[in-house]
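Participant: can you look at this prediction? I've put the sequence above it.
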Amino acid sequence: MRAPGAVEPRRLARLPRRELDGGLLIVTATDWRARLLGLAGLRRLPAGTGLELAVASIHTVGLRFGIDLIWRAVDGAVVRVDADVAPGRVRICSAARSVVEVNAGEADRFVDALTAAAPPD
């Protein structure tokens, strides 16, 4: 659940968003600037907030905190989770169409909510 009164970083405030069960929020990086900046330089994401990028690889250069990565296939299914990825790392998932970056330790809640929100086959 997102912390009441949590301050959202300004660069994320302008991006499209969707609410998930449990009060979770996913913000989508839709342009080159948002994908380029990602979470770099931020002190932390507000609890219960994730950033989704339409990529199959990421780097954590410039991050100040560890993150969990939730890799999603074209149909939205979760294909892999990388837990507690430290700053200065690179991760690739060739089976993924996108990745959701969340604070380290929050992946399980997001996976549950994303699975519940997935459209039926």
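Facilitator: Perfect, thanks for sending it. Residues are numbered from 1 along each chain as shown.

Participant: so where's the protein shaky on pLDDT?
Facilitator: Scanning the chain for pLDDT under 70 picks out 1-8, 118-121.

Participant: now the strands for it?
Facilitator: For the chain, the strands defined by DSSP state E occupy 17-20, 24-29, 49-53, 57-59, 67-72, 78-85, 90-92, 98-103.

Participant: and those as a markdown table, adding mean neighbour count and distance to residue 116?
Facilitator: Heads up, the C-betas are built off the backbone N, CA and C, glycines and all. Listed next are these as a markdown table, based on neighbours: other C-beta atoms under 10 Å; distance: least, C-beta to C-beta, whole Å:
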| stretch | mean neighbour count | distance to residue 116 |
| --- | --- | --- |
| strand 17-20 | 14 | 8 |
| strand 24-29 | 21 | 11 |
| strand 49-53 | 23 | 15 |
| strand 57-59 | 17 | 25 |
| strand 67-72 | 24 | 14 |
| strand 78-85 | 16 | 11 |
| strand 90-92 | 13 | 25 |
| strand 98-103 | 23 | 14 |
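
Participant: make a markdown table from these and add distance to residue 37 to it.
Facilitator: What follows is the strands of the chain, written out as a markdown table (distance: least, C-beta to C-beta, whole Å):
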| stretch | distance to residue 37 |
| --- | --- |
| strand 17-20 | 16 |
| strand 24-29 | 8 |
| strand 49-53 | 10 |
| strand 57-59 | 12 |
| strand 67-72 | 15 |
| strand 78-85 | 18 |
| strand 90-92 | 17 |
| strand 98-103 | 12 |
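
Participant: mind checking which of these is nearest residue 43?
Facilitator: Closest to residue 43 of the strands of the chain, according to C-beta to C-beta: strand 98-103, at 11.2 Å.

Participant: that closest one to strand 49-53, inter-axis angle?
Facilitator: Interaxial angle of strand 98-103 relative to strand 49-53 (axes from the mean of the first three to the mean of the last three C-alpha atoms, to 10 degrees): 150 degrees.

Participant: that's all I had, so thanks and see you.
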